[in-house]
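K.L.:
Fold the following for me, if possible:
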Amino acid sequence: MNFDFNEEQTMIMDGIARYIREEYDFDRRRSIIESDSACSDDVWRQFSELGWLSIPFDESYGGFGGHADDLAGVMLELGKGLIIEPYMSTVVVFGSLLNASNNDSLKEQLIPRIINGQYKGSFAYAEEQSRFEISDVKTSAQKCGDGYKLNGTKIAVIDAKESDGLIVTARTGGSQYGAEGISLFLVDTSTEGVAVSSYNTMDSHSSSTINLENVFVTEANLIVDEGEGFRHIESCLPQILLCLSAEALGIMEVLNKLTVEYSKTRKQFGAPIGSFQALQHRMVDNFMAFEQSKSMVYRGICESTSFNKNDIDINQFLKTAHAVKALIAKNSKQIGDESIQIHGGIGMTDELNIGHFVKRLMMINVLFGDGDFHRQCFSQN
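P.N.:
A predicted model of the protein is given here:
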């Protein structure tokens, strides 16, 4: 397999890398985390001005018209910068579900606002009993006049604290565990009956528990046709998993680079620790794990291109995405653990960026399913 990002993709990735290098260092990230807001409005505005928020959206709404390969390149670079802003939540997850919707009215209303940096969104799907099974939904949507009343609780809704709207899974039919009868609703966070309780996650992002009590939404707020929510999620899931894996790949690359540099300067017994053969072997193992992960992510990107051309179906693309996520979970844990070990105690301190990269990797590994879950999905697909 031979893969290279095209000229446009490379230009965007180079621009992100330059922005991170010149304007978004570790100290700036820390100052944003320590502020009252979960992200920086100024940074988000710059993302909009630079066109990065428009990448996955159709050109008819002012977007770039990109696909999974374009987004994966962006997430690769954002991962290297450990960006705290909700690009993954708003653009990749919420944006993918919205952009693939057949509700043209909602798209015309929301997509230009997302592109202009005026609207943020999150995906509320997880529940206390559901673990990683998206189809396990207790939240109900009862038909009421020209709309629905939603009741239930969603947990671990990433970046909901800063979100203007949520895409919520709710059951309009079928059994609790069935894929049939799940619907997707756009819910304004300011709607009466919506209670948002937020907390910080270990990687300094925000997460929230969302309580929905008799929340009324109209039929116009259905993302796709009633009962078709799970199929819609499944069609977008490969792109989401691929982008998460690309972000992890960017972090893994930085961790390897920082660890090798540290091994050249840290001395024990009068010599740099990088001269010790045992540590050299471990760093080579990390390099091999990164290259293996890179090849797998690029395999997923190539299959996304084939999927866009209708050369493969959604089942094959989804199976590859499961394999990518499973391998990333395994290899990123190895690289994260070894980076901390080789740095020693200083690697666990908040003052050094190593620990922050590793914590983000740990969170990525459980978002939309951990490695064991995706290995099981791969074997069943």
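
K.L.:
C-alpha only now, for contacts and for neighbours.
P.N.:
OK.

K.L.:
The lowest-mean-pLDDT helix or strand in the chain - which strands sit beside it in the sheet, and in what orientation?
P.N.:
Lowest by mean pLDDT, DSSP states H and E among the helices and strands of the chain is strand 267-268, with a mean of 83. Sheet pairing for strand 267-268, assigned by DSSP bridges, gives strand 271-272 (antiparallel).

K.L.:
For the longest helix along the chain, which residues meet the burial criterion?
P.N.:
When the chain is parsed with DSSP state H, its longest helix is helix 229-265. By neighbour count on 16 or more other CA atoms under 10 Å, the buried set for helix 229-265 is 229-230, 232-256, 259-260, 262-263.

K.L.:
now swap in stretch 55-73 and tell me
P.N.:
55-58, 61, 63-64, 67-73.

K.L.:
Now these in CSV, please, with extra columns for distance to Asn103.
P.N.:
CSV is the format used below for the buried residues of stretch 55-73 (distance: CA to CA, whole Å):
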residue, distance to Asn103
Ile55, 20
Pro56, 17
Phe57, 14
Asp58, 14
Tyr61, 13
Gly63, 17
Phe64, 20
His67, 19
Ala68, 21
Asp69, 25
Asp70, 24
Leu71, 23
Ala72, 26
Gly73, 28
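
K.L.:
Now render those as CSV, adding secondary structure, distance to Ile158 and pLDDT.
P.N.:
Listed next are those as CSV, based on DSSP: H, G, I helix; E, B strand; the rest coil; distance: CA to CA, whole Å; pLDDT from 0 to 100:
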residue, secondary structure, distance to Ile158, pLDDT
Ile55, coil, 21, 96
Pro56, coil, 20, 95
Phe57, coil, 21, 97
Asp58, coil, 25, 94
Tyr61, helix, 26, 95
Gly63, coil, 24, 95
Phe64, coil, 25, 94
His67, coil, 23, 93
Ala68, helix, 21, 93
Asp69, helix, 23, 94
Asp70, helix, 23, 95
Leu71, helix, 19, 97
Ala72, helix, 19, 96
Gly73, helix, 22, 96
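
K.L.:
Show the contacting residues for the residue of the chain positioned farthest from its centre.
P.N.:
Distance from the C-alpha centroid of the chain peaks at Gly270, with 43.7 Å (CA atoms, centre = their mean). Contacts here follow CA atoms under 8 Å, 6 or more residues apart in numbering; on that basis Gly270 touches nothing.

K.L.:
Please report the distance of it from Lys257.
P.N.:
23 Å (CA to CA, to the nearest Å).

K.L.:
Can you tell me the SS state at Glu22?
P.N.:
helix (DSSP: H, G, I helix; E, B strand; the rest coil).

K.L.:
Show me where the stretch 51-200 of the chain has its strands.
P.N.:
Using DSSP state E, counting those that start in this stretch, the strands found in the stretch 51-200 of the chain span residues 121-124, 140-144, 147-158, 165-171, 182-188, 194-200.

K.L.:
Run through the bridge partners of the spatially closest residue to Thr139 that is not a sequence neighbour.
P.N.:
Spatially, and ignoring its direct neighbours in sequence, Thr139 is nearest to Gly152 (4.3 Å; CA to CA, 6 or more residues apart in numbering). Under DSSP bridges, the beta-bridge partners of Gly152 are Leu212.

K.L.:
my guess is Gly152 meets Ala195, correct?
P.N.:
No - the criterion here is CA atoms under 8 Å, and Gly152 misses it with Ala195 at 10.9 Å.

K.L.:
tell me the contacts of Gly347?
P.N.:
With CA under 8 Å, 6+ apart, Gly347 has these contacts: 339-341, 353-355.

K.L.:
beta partners for Leu222?
P.N.:
Phe185.

K.L.:
Next up, the contacts around it.
P.N.:
103, 183-186.

K.L.:
Next, count neighbours for the nearest residue to Ala179 once chain neighbours are set aside.
P.N.:
Among residues not flanking Ala179 along the chain, Ser135 sits closest, at 5.2 Å (CA to CA, 6+ apart). Residues lying near Ser135 (other CA atoms under 10 Å) number 23.

K.L.:
and what of Ala278?
P.N.:
With other CA under 10 Å as criterion, Ala278 counts 10.

K.L.:
Could you do the one 3 residues further on as well?
P.N.:
Counted with other CA under 10 Å, the burial measure for His281 works out to 12 neighbours.

K.L.:
Tell me the spacing between it and Met288.
P.N.:
His281 is 11 Å from Met288, by CA to CA.

K.L.:
where are the low-confidence patches of the stretch 201-350 of the chain?
P.N.:
Within the stretch 201-350 of the chain, no stretch has pLDDT under 70.

K.L.:
Recalculate using a threshold of 90.
P.N.:
Counting by pLDDT under 90, the stretch 201-350 of the chain has low-confidence residues at 264-276, 305-312, 344-350.

K.L.:
Please apply the same query to the stretch 1-150 of the chain.
P.N.:
Filtered on pLDDT under 90, the stretch 1-150 of the chain yields the residue ranges 1-4, 34-39, 145.

K.L.:
returning to what we had before: starting from Ile346, give me the distance back to the residue farthest from the centre of the chain.
P.N.:
Taking CA to CA, one finds Gly270 at 19 Å from Ile346.
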